[in-house]
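**Q** Pasting the sequence and the predicted coordinates here, then a few questions.
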Amino acid sequence: LISRKRKVEDTVIDLGTVQIGDGIPKIVAGPCSVESEEQVFQVAEVMARQGVKMIRGGAFKPRTSPYDFQGLGLEGLQILRRVADHFGLKVISEIMNPADVEMATRYVDVIQVGARNMQNFDLLRAVGSVSTPVLLKRGLAATMEEFLFAAEYIVASGNDQVVLCERGIRTYEKWTRNTLDISAVPLIKQESHLPVMVDVTHSAGRKDLLLPLAKAAFAAGADAVMVETHPNPIVALSDSRQQIDLPTFEQFMTQLRESRFLPELL
Ligand code: PEP
Ligand code: MN
């Protein structure tokens, strides 16, 4: 169902005030985790000024250690919704439990399925049974075929509003947290009609590569780039080393506009 052979035209995800896959490159930004209303507000204020229309933030966090911050859960989704509505933004947030999918549709505009859950088939079927668009992240060690079949599960369950997100894969290279598989972008575009996003933050795991990786993503044909930003990354409750502060985020946006990878601010 997701194959180009079945449908030649690109799928466009229409969120009302913003589209993914309409040929205009988009940025998704926001903190790794939702920590407080004030934190999300600070981020959203800068995003709105920069013309970014989609905010991300984790409320249910898939943490490696059970002793790390696990997210605010429902309260986090409520914070995101309130702040996003205040600034006219759309909300993208991860859901891990199939039982939470129905509830999440009341708060988010796009449900994220995280890398660690790419082959959680019950979750794929659950997000496939609602009409809310889904952002499916590539598994840490998933082949292209596994990635595309995971998307197929969602569409086969009834939801054809799926965005595929390359977020780096595990390799022997240690200088980055993951290795951004840039080939995934043109490969997905050839194989499928679904839109493609590149998460440069989790790919790199370091701040100094975000701009070149974002340029590479757009040059390769990505419809959107995701980047994590936090008002005060040093004290962030997750991914503190890889989130950029708000002035750096504004520079990132300016540089993408100046190099014509993003349209001018209207
Ligand atoms: C995230 O985007 O918040 C996240 C946890 O990313 P990933 O699932 O790609 O590791
Ligand atoms: Mn993160």
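**A** Sure, I can see it. Ligands and ions are numbered 1, 2, ... in the order given.
**Q** Identify the residue nearest whatever residue of the stretch 151-266 of the chain ends up closest to ligand 2 in space, chain neighbours excluded?
**A** Proximity of the stretch 151-266 of the chain to ligand 2 (C-beta to the ion) peaks at Asp239, 3.7 Å away. For glycine as for every other residue, the C-beta is placed from the backbone atoms N, C-alpha and C. Leaving aside its chain neighbours, Asp239 sits nearest to Cys32 (4.0 Å; criterion: C-beta to C-beta, 6 or more residues apart in numbering).
**Q** which SS class is Val155?
**A** Under DSSP: H, G, I helix; E, B strand; the rest coil, Val155 falls in the helix class.
**Q** so it makes contact with Arg6?
**A** No: applying C-beta atoms under 8 Å as the test, Val155 and Arg6 come out as separate, 9.9 Å apart.
**Q** And those two? Which one has more around it.
**A** Between Val155 and Arg6, counted using other C-beta atoms under 10 Å, Val155 has the larger neighbour count: 20 against 10.
**Q** what's the residue nearest the centre of the chain in contact with, if anything?
**A** Central residue of the chain (C-alpha atoms, centre = their mean): Met226, 5.2 Å from the mean position. By C-beta atoms under 8 Å, 6 or more residues apart in numbering, the contact set of Met226 is 27-29, 56, 165, 167, 197-201.
**Q** Ile24 and ligand 1: what is the separation?
**A** 23 Å (C-beta to the nearest ligand atom, to the nearest Å).
**Q** For the stretch 101-250 of the chain, which segments count as helices?
**A** 101-104, 121-128, 144-156, 184-191, 200-204, 210-219, 246-258 (DSSP state H, counting those that start in this stretch).
**Q** pretty sure Phe87 contacts Val43?
**A** No: taking C-beta under 8 Å as the definition, Phe87 is not a contact partner of Val43, at 9.9 Å.
**Q** Compare those two (neighbour count), which wins?
**A** Counted by other C-beta under 10 Å, Phe87 and Val43 do not tie: Val43 has more neighbours, with 28 against 18.
**Q** need the contact list for that one.
**A** Counted by C-beta under 8 Å, 6+ apart, Val43 has contacts 29-31, 55, 57, 229-231, 246.
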